[in-house]
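Colleague: Got a predicted structure plus its sequence, pasted below:
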Amino acid sequence: MKAFIVVVLATLFAATLATVYLDDDFTKDGWDSRWIVSNWKKADGTAGTWDLSAGSIYADEKKDRGLHTTQDARFYAISTKVEKPFSNKDNTLVIQFSVKHQQNIDCGGGYIKVLPAGLDQANFDGDSAYNVMFGPDICGAGHRIVHFILNKRGENRLIKRNVNAENDEFTHTYTAVLNKDNTYAIYVDGEKKQDGKIEDDWNILAPKEINDPSKSKPADWVDEAMMDDPEDKKPADWDSTPAEIADPDAKKPEDWDDDLDGAWEAPKVPNPEYKGVWRAKRISNPAYKGPWVHPQIANPDYKPDPALYSFDSNAFVGIEIWQVKAGSIFDNFLITDDLDLALERAKALNKVRDTEKEVKKAADEKKAAEDAAKAETKEDKDDL
């Protein structure tokens with residue numbers, strides 16, 4: 001019993017230490033004062049309009065409302081402040097949000113950015129410096145990935161191993177985790193899809209080893225596994241057979257006039273007897289040594305960085321995207337150091353998605369029945 005009490009107390013104590021920097025599911029009024037729409041692209045008329053909507057398929061219309069893109073072929077940029085700018089040094093950073101591509105998106109972004117202090121929200125655009133860019137990006141069947149980009153050492157560094165993004169019309173939750181031991185994880189709908197070391201999966205640091213500049217492949221190194229058989233000789237009559245011959249089935253046209261048209265010649269056709277270009281038979285090369293591997297040495301420019309996970313200032317969350325077909329709904333923004341809290345929220349949103357699927361199925365069945373009834377009525381009228 002005492003052990004149980006200790007565990008419970010430890011859990012409660014851990015919960016009190018958890019920090020939530022941003023928590024917005026748009027159930028609280030005043031979203032348009034918390035979220036600032038950028039003036040970017042307004043001058044040339046390509047800035048899209050945002051509103052708050054649950055879309056056409058939802059579990060609870062009020063609870064499921066989120067930031068909604070409303071116009072096709074537009075740029076969208078909007079941002080909000082976290083409660084208080086913070087550094088995630090010596091702490092876990094969890095970034096989570098949901099997005100519903102109810103329009104069955106064909107090409108467009110569904111990702112968010114975490115940005116440092118100093119952002120000019122009124123002019124937030126694609127060039128605004130950010131710390132992390134995370135979330136789905138879809139354009140056709142060949143590009144369906146979850147972006148995870150870290151801005152380190154003045155450059156935006158793309159992750160080297162991609163996770164597939166969901167591309168149906170229901171709510172999906174995306175979670176990024178940066179840990180103080182320089183590891184990371186990606187979750188989709190509360191399920192871990194990928195994890196690893198930041199140093200391994202982003203090109204941020206110089207490589208630990210480099211090719212030894214004092215070594216080079218020996219001049220006599222043989223790296224061809226196969227060779228021509230020196231015993232194989234081309235037959236003496238090989239080239240006596242021409243590649244083309246006169247078509248034996250061709251006939252001189254009856255109206256052909258040798259005086260006017262010249263001497264008639266049958267057209268050429270491929271010679272079925274032609275053997276092609278002679279090549280010696282290939283055999284295993286007895287001198288083959290295998291591929292030459294360049295010897296490696298320690299890279300003098302390599303320096304480990306224990307703070308690859310860390311950003312000194314996290315102050316804003318923004319969405320800056322282009323969409324060919326609008327209709328995406330961004331919701332359930334959570335920035336915290338508590339992964340358990342985030343995964344608990346993701347689990348709850350899985351139930352929302354299940355309800356959306358049921359609502360969609362019922363709507364599709366209703367429409368199918370109505371279409372069938374209309375078709376039957378039309379057929380009856382045609383018969384009359």
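Modeller: Happy to help now that I have it. Numbers count the residues shown, from 1 in each chain.

Colleague: if I pick the residue nearest to the spatial centre of the chain, what's in contact with it?
Modeller: Computing the C-alpha centroid of the chain and ranking residues by Cα atoms, centre = their mean puts Ile145 first, at 1.5 Å. Applying Cβ atoms under 8 Å, 6 or more residues apart in numbering to Ile145 gives the contacts 136-137, 162-165. No exception for glycine: its C-beta is placed from N, CA and C like everyone else's.

Colleague: just the helices in the stretch 101-250 of the chain please.
Modeller: 198-201 (DSSP state H, counting those that start in this stretch).

Colleague: Quick check, pLDDT for the residue of the chain most remote from its centre.
Modeller: Within the chain, Asp259 marks the point farthest from the mean C-alpha position, 72.1 Å out by Cα atoms, centre = their mean. The model reports Asp259 with a pLDDT of 85.

Colleague: now the contacts of Ile145: which count as buried?
Modeller: Burial by neighbour count, 16 or more other Cβ atoms under 10 Å: within the contacts of Ile145 this picks out 136-137, 162-163, 165.

Colleague: closest to Gly126 among the contacts of Ile145?
Modeller: Asp137 (13.5 Å; Cβ to Cβ).

Colleague: Next, the nearest residue to Trp238 once chain neighbours are set aside: secondary structure please.
Modeller: Spatially, and ignoring its direct neighbours in sequence, Trp238 is nearest to Trp278 (5.0 Å; Cβ to Cβ, 6 or more residues apart in numbering). Here Trp278 is recorded as coil under DSSP: H, G, I helix; E, B strand; the rest coil.

Colleague: check contacts around Trp278.
Modeller: By Cβ under 8 Å, 6+ apart, the neighbours of Trp278 are 234-235, 238-239.

Colleague: now swap in Ala246 and tell me
Modeller: Ala246 neighbours (Cβ under 8 Å, 6+ apart): 265-269.

Colleague: Same check on Ser87?
Modeller: Per Cβ under 8 Å, 6+ apart, neighbours of Ser87: 310-314.

Colleague: buried subset of those?
Modeller: 310-311, 314.

Colleague: Looking at these, which are in strands?
Modeller: Asn314 (DSSP state E).

Colleague: just to revisit the earlier point, of all pairs in the contacts of Trp278, which one spans the longest distance?
Modeller: Pro235 and Asp239 (9.1 Å).

Colleague: mind listing the strands for the stretch 151-300 of the chain?
Modeller: 155-158, 163-164, 171-178, 183-188, 191-197, 209-211, 226-228, 244-246, 268-270, 282-284, 296-298 (DSSP state E, counting those that start in this stretch).

Colleague: circling back to that earlier point, tell me the pLDDT at the residue nearest to the residue nearest to the centre of the chain when sequence neighbours are not counted?
Modeller: Using Cβ to Cβ, 6+ apart and skipping the chain neighbours, the partner closest in space to Ile145 is Asn162 (4.4 Å). Looking at Asn162, its pLDDT is 93.

Colleague: likewise the one 4 residues further on?
Modeller: With respect to pLDDT, Glu166 scores 92.

Colleague: one step back: please tell me I have it right and the residue nearest to Ile145 contacts Val146.
Modeller: Yes: between Asn162 and Val146 there is a contact at 6.8 Å, judged by Cβ atoms under 8 Å.

Colleague: what touches both of those two?
Modeller: Counting by Cβ under 8 Å, 6+ apart, nothing touches both Asn162 and Val146.

Colleague: ok, so of the contacts of Ala246, who is nearest Thr171?
Modeller: Closest to Thr171, out of all of these and judged by Cβ to Cβ, is Val269, at 65.6 Å.

Colleague: check contacts around the residue nearest to the closest one when sequence neighbours are not counted.
Modeller: Nearest residue to Val269, sequence neighbours excluded (Cβ to Cβ, 6+ apart): Asp247, at 4.5 Å. Listed by Cβ under 8 Å, 6+ apart, the contact set of Asp247 reads 266-269.

Colleague: 10 Å instead, please
Modeller: Applying Cβ atoms under 10 Å, 6 or more residues apart in numbering, one finds that Asp247 lies in contact with 266-270.

Colleague: how about the contacts of Trp278 in JSON lines, adding distance to Ile36, pLDDT and neighbour count?
Modeller: JSON lines is the format used below for the contacts of Trp278 (distance: Cβ to Cβ, whole Å; pLDDT from 0 to 100; neighbours: other Cβ atoms under 10 Å):
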{"residue": "Lys234", "distance to Ile36": "79", "pLDDT": "91", "neighbour count": "10"}
{"residue": "Pro235", "distance to Ile36": "83", "pLDDT": "90", "neighbour count": "9"}
{"residue": "Trp238", "distance to Ile36": "80", "pLDDT": "89", "neighbour count": "12"}
{"residue": "Asp239", "distance to Ile36": "80", "pLDDT": "87", "neighbour count": "11"}
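
Colleague: what's the burial count for Arg161?
Modeller: Neighbour count for Arg161, taken as other Cβ atoms under 10 Å: 11.

Colleague: Quick check: the closest residue to it other than its chain neighbours vs Asn162, distance?
Modeller: Nearest residue to Arg161 in three dimensions, chain neighbours excluded: Asp201, at 5.6 Å (Cβ to Cβ, 6+ apart). Asp201 sits 10 Å away from Asn162, going by Cβ to Cβ, to the nearest Å.

Colleague: list the residues that contact both of those two?
Modeller: 148, 194.

Colleague: mind giving me TSV with the buried ones among the contacts of Ser87 and columns for pLDDT and distance to Asp25?
Modeller: Putting the buried ones among the contacts of Ser87 into TSV (pLDDT from 0 to 100; distance: Cβ to Cβ, whole Å) gives the following:
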residue	pLDDT	distance to Asp25
Ser310	98	28
Phe311	98	24
Asn314	98	20
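
Colleague: I appreciate the help and will end here.
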